[in-house]
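Engineer: Give me the fold of what follows.
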Amino acid sequence: MSKLLDRLSDATRSGVYRAARADDIADAVRGSGIALADIDVSKGDVLEAFARALAFPDWFGRNWDALEDCLGDLSWRKADGHVLLIAGFEAVPRDELGVLREVLASSAEFWAGRGRPFFAVFVDPRATLTLPHLYREK
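Structural biologist: Sure thing, here's the model as predicted:
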(Lines give C-alpha, C1' and ligand atoms only; values in the text may rest on other atoms or scores of the structure.)
Protein backbone atom coordinates (compact mmCIF):
# COMPACT_ATOMS: atom_id res chain seq x y z
CA MET A 1 0.00 0.00 0.00
CA SER A 2 1.36 3.44 -0.90
CA LYS A 3 1.92 6.12 1.72
CA LEU A 4 -0.78 8.23 0.10
CA LEU A 5 -3.30 5.39 0.22
CA ASP A 6 -2.32 4.77 3.86
CA ARG A 7 -3.13 8.41 4.60
CA LEU A 8 -6.42 8.34 2.68
CA SER A 9 -7.43 5.16 4.54
CA ASP A 10 -6.86 6.76 7.95
CA ALA A 11 -10.17 8.15 9.21
CA THR A 12 -8.41 10.14 11.94
CA ARG A 13 -6.79 12.26 9.22
CA SER A 14 -10.07 13.07 7.46
CA GLY A 15 -10.45 16.71 6.54
CA VAL A 16 -10.24 19.41 3.92
CA TYR A 17 -6.94 19.70 2.07
CA ARG A 18 -5.32 20.98 -1.08
CA ALA A 19 -3.12 19.25 -3.61
CA ALA A 20 -1.39 20.43 -6.74
CA ARG A 21 -2.48 17.42 -8.80
CA ALA A 22 -5.40 15.04 -8.86
CA ASP A 23 -3.83 12.17 -10.77
CA ASP A 24 -1.62 10.94 -7.90
CA ILE A 25 -4.66 10.76 -5.65
CA ALA A 26 -6.76 8.95 -8.27
CA ASP A 27 -3.92 6.47 -8.82
CA ALA A 28 -3.56 5.88 -5.08
CA VAL A 29 -7.21 4.95 -4.48
CA ARG A 30 -7.69 2.92 -7.67
CA GLY A 31 -8.58 -0.65 -6.71
CA SER A 32 -9.10 0.21 -3.04
CA GLY A 33 -12.41 0.41 -1.21
CA ILE A 34 -12.28 4.19 -1.21
CA ALA A 35 -14.70 5.93 -3.58
CA LEU A 36 -13.34 8.83 -5.58
CA ALA A 37 -15.52 11.64 -6.92
CA ASP A 38 -14.31 14.31 -9.35
CA ILE A 39 -16.30 17.49 -8.73
CA ASP A 40 -15.86 20.43 -11.09
CA VAL A 41 -17.40 23.55 -9.56
CA SER A 42 -16.19 25.92 -12.29
CA LYS A 43 -19.62 26.24 -13.90
CA GLY A 44 -20.92 28.27 -10.96
CA ASP A 45 -23.54 25.99 -9.42
CA VAL A 46 -21.61 24.29 -6.63
CA LEU A 47 -24.59 22.41 -5.23
CA GLU A 48 -25.53 20.98 -8.62
CA ALA A 49 -21.92 19.96 -9.28
CA PHE A 50 -21.87 17.97 -6.03
CA ALA A 51 -25.29 16.47 -6.71
CA ARG A 52 -24.20 15.27 -10.16
CA ALA A 53 -20.78 13.95 -9.16
CA LEU A 54 -22.07 12.09 -6.10
CA ALA A 55 -25.41 11.00 -7.63
CA PHE A 56 -27.43 12.56 -4.82
CA PRO A 57 -30.91 11.15 -4.33
CA ASP A 58 -34.03 12.96 -5.50
CA TRP A 59 -34.68 14.29 -1.99
CA PHE A 60 -31.59 16.55 -2.19
CA GLY A 61 -32.93 20.05 -1.45
CA ARG A 62 -30.24 22.02 -3.31
CA ASN A 63 -29.18 24.18 -0.38
CA TRP A 64 -26.23 24.12 2.02
CA ASP A 65 -28.06 22.21 4.75
CA ALA A 66 -29.14 19.57 2.23
CA LEU A 67 -25.56 19.29 0.98
CA GLU A 68 -24.38 18.62 4.52
CA ASP A 69 -27.19 16.08 5.00
CA CYS A 70 -26.25 14.20 1.84
CA LEU A 71 -22.53 14.26 2.62
CA GLY A 72 -23.37 12.86 6.05
CA ASP A 73 -25.28 9.96 4.50
CA LEU A 74 -23.74 8.71 1.23
CA SER A 75 -25.41 5.33 1.82
CA TRP A 76 -26.02 5.01 -1.93
CA ARG A 77 -22.23 5.04 -2.51
CA LYS A 78 -21.01 1.74 -1.14
CA ALA A 79 -17.43 2.43 -0.06
CA ASP A 80 -15.02 2.13 2.85
CA GLY A 81 -14.31 5.86 2.60
CA HIS A 82 -14.65 8.86 0.31
CA VAL A 83 -12.28 11.22 -1.46
CA LEU A 84 -13.75 14.26 -3.18
CA LEU A 85 -11.46 15.97 -5.70
CA ILE A 86 -12.73 19.51 -6.19
CA ALA A 87 -11.58 21.43 -9.26
CA GLY A 88 -12.50 24.86 -10.60
CA PHE A 89 -12.95 26.50 -7.20
CA GLU A 90 -11.50 29.78 -8.56
CA ALA A 91 -14.88 30.46 -10.22
CA VAL A 92 -16.77 30.20 -6.93
CA PRO A 93 -17.51 33.46 -5.06
CA ARG A 94 -15.38 33.82 -1.92
CA ASP A 95 -18.29 33.74 0.55
CA GLU A 96 -19.77 30.66 -1.11
CA LEU A 97 -16.36 28.97 -1.06
CA GLY A 98 -16.15 29.68 2.67
CA VAL A 99 -19.50 28.00 3.30
CA LEU A 100 -18.47 25.04 1.16
CA ARG A 101 -15.26 24.61 3.15
CA GLU A 102 -17.24 24.69 6.42
CA VAL A 103 -19.70 22.06 5.16
CA LEU A 104 -16.85 19.84 3.98
CA ALA A 105 -14.98 20.19 7.28
CA SER A 106 -18.13 19.32 9.22
CA SER A 107 -18.69 16.27 7.01
CA ALA A 108 -15.08 15.12 7.47
CA GLU A 109 -15.45 15.43 11.24
CA PHE A 110 -18.71 13.49 11.14
CA TRP A 111 -17.19 10.60 9.17
CA ALA A 112 -13.96 10.57 11.21
CA GLY A 113 -16.09 10.14 14.33
CA ARG A 114 -17.53 7.01 12.76
CA GLY A 115 -14.15 5.61 11.79
CA ARG A 116 -14.61 6.16 8.04
CA PRO A 117 -12.20 8.27 5.98
CA PHE A 118 -13.58 11.36 4.25
CA PHE A 119 -11.25 13.70 2.40
CA ALA A 120 -12.22 16.82 0.47
CA VAL A 121 -9.25 17.83 -1.65
CA PHE A 122 -9.17 21.08 -3.60
CA VAL A 123 -7.01 20.76 -6.69
CA ASP A 124 -4.93 23.90 -6.26
CA PRO A 125 -1.75 23.85 -8.37
CA ARG A 126 -0.90 27.49 -7.51
CA ALA A 127 -1.39 26.93 -3.75
CA THR A 128 -3.82 29.83 -3.44
CA LEU A 129 -5.98 28.32 -0.69
CA THR A 130 -5.01 28.45 2.97
CA LEU A 131 -5.47 24.74 3.47
CA PRO A 132 -2.97 22.10 4.53
CA HIS A 133 -1.31 20.01 1.84
CA LEU A 134 -2.71 16.49 1.57
CA TYR A 135 0.76 15.04 0.94
CA ARG A 136 4.28 16.00 0.00
CA GLU A 137 4.55 16.16 -3.75
CA LYS A 138 7.54 14.75 -5.56
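
Engineer: contacts and neighbour counts: CA atoms only from here.
Structural biologist: Noted.

Engineer: Quick check: residue 92 touching residue 41?
Structural biologist: Yes. Counting by CA atoms under 8 Å, residue 92 touches residue 41, with 7.2 Å between them.

Engineer: Could I get the full set of helices for the chain?
Structural biologist: 3-8, 23-29, 46-53, 64-71, 94-112 (DSSP state H).

Engineer: Count residues in the vicinity of residue 79, would you?
Structural biologist: Counted with other CA atoms under 10 Å, the neighbours of residue 79 add up to 15.

Engineer: Do I have it right that it meets residue 34?
Structural biologist: Yes. With contacts counted by CA under 8 Å, residue 79 reaches residue 34, the gap being 5.6 Å.

Engineer: Tell me how far residue 105 lies from residue 6.
Structural biologist: When distance is defined by CA to CA, to the nearest Å, residue 105 is 20 Å away from residue 6.

Engineer: repeat for residue 66
Structural biologist: Remark: distance between residue 66 and residue 6 (CA to CA) = 31 Å.

Engineer: same deal with residue 63?
Structural biologist: From residue 63 to residue 6 the distance is 33 Å (CA to CA).

Engineer: for residue 48, same thing?
Structural biologist: In terms of CA to CA, residue 48 sits 31 Å off from residue 6.

Engineer: Comparing the two, which residue is more hemmed in?
Structural biologist: Higher neighbour count among residue 48 and residue 6: residue 48, with 19 against 11, using other CA under 10 Å.

Engineer: The more buried one is in contact with residue 64, isn't it?
Structural biologist: No. The criterion here is CA under 8 Å, and residue 48 misses it with residue 64 at 11.1 Å.

Engineer: where in this structure is pLDDT low?
Structural biologist: 1, 137-138 (pLDDT under 70).
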